[in-house]
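Trainee: Give me a 3D structure for the following:
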Amino acid sequence: MNLAVQSFKPSRMIDLESLIRTVPDFPKPGIQFKDITPILADPKAYSQLIDQMSAQVKLSGANVVVGLESRGFVFGVSIAERLALPFVPARKAGKLPGDTVKADYSLEYGKQSLELQLGSIKPNDKVAIVDDLLATGGTAQAAEKLISILGGNVAGYFFAIELLDLNGRQVLNHSVTESIMKF
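Mentor: Numbers count the residues shown, from 1 in each chain. The predicted model follows:
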């Protein structure tokens, strides 16, 4: 018996924004958390989102995908696999083995540090920075700093969701900043 694997191509686009759940006062009072887990739980919706993000990354000419901890890993690995590109995790301080470079940044609700392993980005690599959410832009900005330290160049920023009222796009100041859903 021949079981051919067929690529899923939805006949009708799913309204991804309708699947995003807003959780008030999480993780701190005043934060309106955008929960992507309903998309992760729906294989057709997730596939559609990855298709859309992959198309944007491909247009940027990136040859490496960096996913930002932690939900950026979920999207970044899938995009890298679809485009046959290497995936590099950008992790919180102390989570990567070996020698790393580190950058500090501010979140909308605190401070954090981000690291990349030495050698994970090669000189002149064109890097797509991928995450689930663009808020203030601090995490993506820290990733750009690390990529630059390692000799790479940012090909663009790619997000599933963008919170427009936090103006993260202006902080990034890059010609290629793409988001699928805007709130």
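
Trainee: Next up, the contacts around residue 105.
Mentor: Neighbour list for residue 105: 111-114, 138-139, 141-142 [criterion: C-beta atoms under 8 Å, 6 or more residues apart in numbering]. For the C-beta atoms, the positions are set from N, CA and C on the backbone; glycine is no exception.

Trainee: Look up which helix or strand it falls in, please.
Mentor: When secondary structure is defined using DSSP states H and E, the element that contains residue 105 is strand 100-107.

Trainee: after that strand, next one along is what?
Mentor: Stepping forward along the backbone from strand 100-107, the first helix or strand reached (DSSP H and E) is strand 110-117.

Trainee: That next one vs strand 100-107, what angle?
Mentor: 160 degrees (axes from the mean of the first three to the mean of the last three C-alpha atoms, to 10 degrees).

Trainee: May I see the contacts of residue 105 organised as JSON lines, with pLDDT added?
Mentor: Written out in JSON lines, the entries for the contacts of residue 105 read as follows (pLDDT from 0 to 100):
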{"residue": "111", "pLDDT": "85"}
{"residue": "112", "pLDDT": "90"}
{"residue": "113", "pLDDT": "95"}
{"residue": "114", "pLDDT": "97"}
{"residue": "138", "pLDDT": "92"}
{"residue": "139", "pLDDT": "93"}
{"residue": "141", "pLDDT": "95"}
{"residue": "142", "pLDDT": "96"}
